[in-house]
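1. 3D model of this:
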Amino acid sequence: GDMAAAGATAKGSYEGGIGDEMATFTPVVSSILEYRDSMLAGGQLQPLEVYRRPDGQQVAVVWPAGMIPAFFPNFVGEVWIQPGRDASQGQIYRHKAQGGLPGPGSVALVLGAGNQLPVVALDILHMLFAEDRVVLAKMNPVNDYYGPLLRQAFAPLVQRGCLEFVYGGADVGAYCCQHELVDAVHLTGSEATYNSIMFGSPQPSGSVRLNKRVTAELGNVTPYIIVPGPWSQADVEYHATSVASGLAQNAGHNCIAAELVITDASWPLRQAFLDALARCLDNLQCRAPWYPGSAERIAAFKRRFPSAQALGRPVAGKAQAHDHIPAQPWLLATGLAPEQAQVRQENWGGVLQEVALPNCNGTADFLRQAVDFANDKCWGTLAASLFIHPETQQQHAGVFDAAVADLRYGCVTVNCPSLVGFSATPLGWGAFPGHTPQDIGSGIGCVHNTYLFDHPQKSVLRAPWSYSPQPLWSLGQVGLGAALPAAFRFMASQHNPVLALAYLTAVALHALRGSWAVAKGRNPAAQQSLGSPVGGQ
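-> Numbering: from 1, shown residues only. Predicted structure coming up:
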């Protein structure tokens, strides 16, 4: 509660109140439980299933497991293994179990993200358990107010000498990177920060000056591909809400915020979808661009797209972040030709653009063109989302499968925002393999991956077309601040089914109450959304 309250105070508090911040801690809780199970299994936690694709590539089904399907019915999360590799797990722990010496030990430096505390926590946990290192965590000055609270939460690790925290600016980070006791570095941040560490300047030039293992997650211009199909009005509104939710979380200050919607210019329902998307954003409170530099990026977007719609409900006072940063409207630029879109750098704020691909000769051709545009034009390879009706999936099964396989992204989500892929911590999280220090893109390496696969290539998460009550990520979700404590206790008590069921019942009551509030129109942000989705379709 204290961490969520600190975040809400610094960033501003909106429709969801403290629950918006609290919800982001869900993957931290789940990852701790999953790492525990992996440690008890000697790094060999059994996947739900391992199968081979027609080309021989191995795929491990890992999520949701245990009683978690109660929250995520009919979801399927997969880790795709690098072609030609086996789905081996826990190499470090296999080596130890076979009598190998553990080595002298090593220190990893985690350069914490400034936008989200769960990113910092998950990076720490990965280096501790997946890489078997002790960790020095340097907090980002943007959110270093979280540091003492996170240190308190991880007190058992601190007390055993496995974890410690430091504070300061770029000079402290550079000193820690170069320190002789630091063997590995992981950062979540920007391409410029990575280049400064590796080359001494924001642009790569000359030879690498840091001869250590350096992994990084550096963001992405996240594409959301909207596949034409026989969508009902309820479908249109449900998935417009999902796209808007993918933008709105954390005021758009996310490496996987929805940045670009890709549509078929000839889709008869395209305008209905865009109208629903605009309604969702217009019914949503404006947000304060609290992250340093984000207000300037939003202003640049507005200059580039002067006809962009300004949307959202002003809320005086309440929608002010720390230091009285004023809230700004959401900006939605639609009808852009492919060459008009801003796709070479993150916008990092409450702005969204739509590219309507012309001259698509049917659904299959659109899918191929959309994948090519995402792969070849959009900066980064971290995450992409694809929304496709079940009937369209069946009618174009081969083309759909090829689209998922061909998307060169570390995480591909189907029928849900990319943020769900981040939150499902058995999946890997990181850039698609292939970047180099000289051309770093979205980064190198993979975190999360709590089943400890040795050679992950990408992750794929398939969600049902729709379900109710309200999805956890939905703009229409209310009462999270009351529901989430019981949800966390449910997750932690799965070994005791009776106790877990009691907590699950409490969560269900809160969820139903939230959905009832939406149905009654008591939540303006969701009043226009969802229609009448059918659970788990």
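2. could you give the separation of stretch 279-287 from the chain centroid?
-> 21 Å (CA atoms, centre = their mean, to the nearest Å).
3. assign a three-state SS to the residue lying closest to Ala374 once chain neighbours are set aside, would you?
-> Ranked by CB to CB, 6 or more residues apart in numbering and with sequence neighbours excluded, the top spatial neighbour of Ala374 is Pro223, at 4.3 Å. C-betas here are computed from N, CA, C, even on glycine. Per DSSP: H, G, I helix; E, B strand; the rest coil, the local secondary structure of Pro223 is strand.
4. what residues are bridge-paired with Pro223?
-> Beta bridges link Pro223 to Leu260 when assigned by DSSP bridges.
5. wait, it sits on Glu259?
-> Yes. At 7.3 Å, Pro223 counts as touching Glu259 under the criterion of CB atoms under 8 Å.
6. can you tell me the SS state at Pro148?
-> Classification of Pro148 into helix, strand or coil gives helix, according to three-state DSSP.
7. how many other residues sit next to it?
-> Pro148 is flanked by 14 other residues according to other CB atoms under 10 Å.
8. same question for the one 3 residues further on.
-> The number of residues packed around Arg151, counting by other CB under 10 Å, is 16.
9. got the phi and psi for the residue lying closest to it once chain neighbours are set aside?
-> Once flanking residues are discounted, Arg151 sits nearest to Phe165: 5.2 Å by CB to CB, 6+ apart. The phi and psi torsions at Phe165 (degrees, to the nearest 10) take the values phi -120, psi 140.
10. if I pick Phe165, what's in contact with it?
-> Taking CB atoms under 8 Å, 6 or more residues apart in numbering as the definition of contact, the neighbours of Phe165 are Leu136, Ala137, Lys138, Met139, Gly147, Leu150, Arg151.
11. count the neighbours of the residue nearest to Ala374 for me.
-> Other residues within reach of Pro223 by the criterion other CB under 10 Å amount to 28.
12. Gln340 versus that one, what's the distance?
-> According to CB to CB, to the nearest Å, Pro223 stands 15 Å off from Gln340.
13. please apply the same query to Phe129.
-> Between Phe129 and Gln340 the distance, using CB to CB, works out to 45 Å.
14. those two: who's more crowded?
-> Looking at Phe129 and Gln340 with other CB under 10 Å, you find the greater number of neighbours at Phe129, namely 21 against 13.
15. grab the nearest non-local neighbour of the more buried one.
-> In space, and not counting its chain neighbours, Phe129 is closest to Tyr35: 4.3 Å by CB to CB, 6+ apart.
16. swap in Pro228?
-> Trp267 (4.0 Å).
17. quick one: that neighbour and Ile225 touch, right?
-> No. With contact defined as CB under 8 Å, Trp267 does not reach Ile225; the gap is 12.0 Å.
18. just give me the neighbour total for the residue lying closest to Thr188 once chain neighbours are set aside.
-> Spatial nearest neighbour of Thr188, chain neighbours left out: Ala113 (4.0 Å); criterion: CB to CB, 6+ apart. Each residue near Ala113 was counted by other CB under 10 Å, and the total is 22.
19. spit out the contact partners of Ala113.
-> Ala113 neighbours (CB under 8 Å, 6+ apart): Val119, Val120, Asp123, Asn140, Thr188, Gly189.
20. let's go with 10 Å and repeat that
-> 119-120, 122-123, 139-140, 142-143, 187-189, 217, 254-255 (CB atoms under 10 Å, 6 or more residues apart in numbering).
21. just the element for the residue located most distally from the centre of the chain, please.
-> Of all residues in the chain, Gly99 has its C-alpha farthest from the mean position, at 37.9 Å, by CA atoms, centre = their mean. Using DSSP states H and E, Gly99 sits within no helix or strand.
22. quickly list what's touching both of Trp267 and Ile225.
-> With the criterion set as CB under 10 Å, 6+ apart, the overlap between the contacts of Trp267 and Ile225 is Leu357, Phe366.
23. mind checking which of the two has more residues around it?
-> Ile225 (26 against 20).
24. circling back: I'd like the contacts of Phe165 laid out as a markdown table, including distance to Thr263 and pLDDT.
-> Written out in a markdown table, the entries for those read as follows (distance: CB to CB, whole Å; pLDDT from 0 to 100):
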| residue | distance to Thr263 | pLDDT |
| --- | --- | --- |
| Leu136 | 46 | 98 |
| Ala137 | 41 | 98 |
| Lys138 | 42 | 98 |
| Met139 | 40 | 98 |
| Gly147 | 43 | 97 |
| Leu150 | 41 | 98 |
| Arg151 | 46 | 98 |
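25. can you pick out the most distant pair from those?
-> In the contacts of Phe165, the most distant members under the criterion CB to CB are Leu136 and Leu150, with 13.4 Å between them.
26. which residues do the two both contact?
-> Overlap between the contact sets of Leu136 and Leu150, as judged by CB under 10 Å, 6+ apart, is given by Ile124, Leu163, Phe165.
27. the first one is in what secondary structure piece?
-> Put plainly, it is Ile124. Counting by DSSP H and E, Ile124 is found in helix 117-125.
28. what's the angle from the following helix or strand past that helix to helix 117-125?
-> Elements were assigned by DSSP H and E; along the chain past helix 117-125, the next helix or strand is strand 134-138. With axes from the mean of the first three to the mean of the last three CA atoms, to 10 degrees as the criterion, the two stretches strand 134-138 and helix 117-125 enclose an angle of 150 degrees.
29. partners of strand 134-138, with directions?
-> strand 107-111 (parallel), strand 163-166 (parallel).
30. got a list of what the residue nearest to Pro228 touches?
-> Under the criterion of CB under 10 Å, 6+ apart, the contact partners of Trp267 comprise Ile226, Val227, Pro228, Gly229, Trp231, Phe273, Ala356, Leu357, Cys360, Thr363, Phe366.
31. and the furthest pair within the residues you listed?
-> By the measure CB to CB, Trp231 and Leu357 form the most distant pair in the contacts of Trp267, at 17.5 Å.
32. the more surrounded of these two?
-> With neighbours defined as other CB under 10 Å, Trp231 and Leu357 compare such that Trp231 has more, 23 against 20.
33. okay, now the nearest residue to Leu382 once chain neighbours are set aside: neighbour count?
-> By the measure of CB to CB, 6+ apart, the closest residue to Leu382 outside its immediate chain neighbours is Asn220, 3.5 Å from it. The number of residues packed near Asn220 is 27, by other CB under 10 Å.
34. ok, Asn220 touching Ala384?
-> Yes. Under the criterion of CB atoms under 10 Å, Asn220 lies in contact with Ala384, with a separation of 8.2 Å.
35. shared neighbours, those two?
-> Taking CB under 10 Å, 6+ apart as the criterion, Asn220 and Ala384 both touch Ile256, Cys378, Tyr409, Gly410, Cys411, Ser418.
36. how far away is the last one from Ala248?
-> Put plainly, it is Ser418. Going from Ser418 to Ala248 by CB to CB gives 13 Å.
37. identify the contacts common to the two.
-> Taking CB under 10 Å, 6+ apart as the contact rule, Ser418 and Ala248 both touch Asn254, Ala257, Ala258.
38. next step: those residues restricted to strands.
-> Residues of these located in strands (DSSP state E): Ala258.
39. quick one: buried residues of the helix or strand where Cys280 lies?
-> Cys280 belongs to helix 270-282 when elements are defined using DSSP H and E. Using 16 or more other CB atoms under 10 Å as the burial criterion, the residues of helix 270-282 that qualify are Arg270, Phe273, Leu274, Ala276, Leu277, Ala278, Arg279, Cys280, Leu281, Asp282.
40. so where's this structure shaky on pLDDT?
-> Counting by pLDDT under 70, the chain has low-confidence residues at 101-103, 316-322, 476-478, 511-537.
41. now the strands: where do they sit in the stretch 351-500 of the chain?
-> According to DSSP state E, counting those that start in this stretch, the stretch 351-500 of the chain carries its strands in the segments 351-357, 383-387, 411-414, 428-429, 443-444, 447-448, 456-462.
42. typo on my end, the stretch 101-250 of the chain
-> Counting by DSSP E, counting those that start in this stretch, the stretch 101-250 of the chain has these strands, from start to end: 107-111, 134-138, 163-166, 182-188, 213-217, 222-226.
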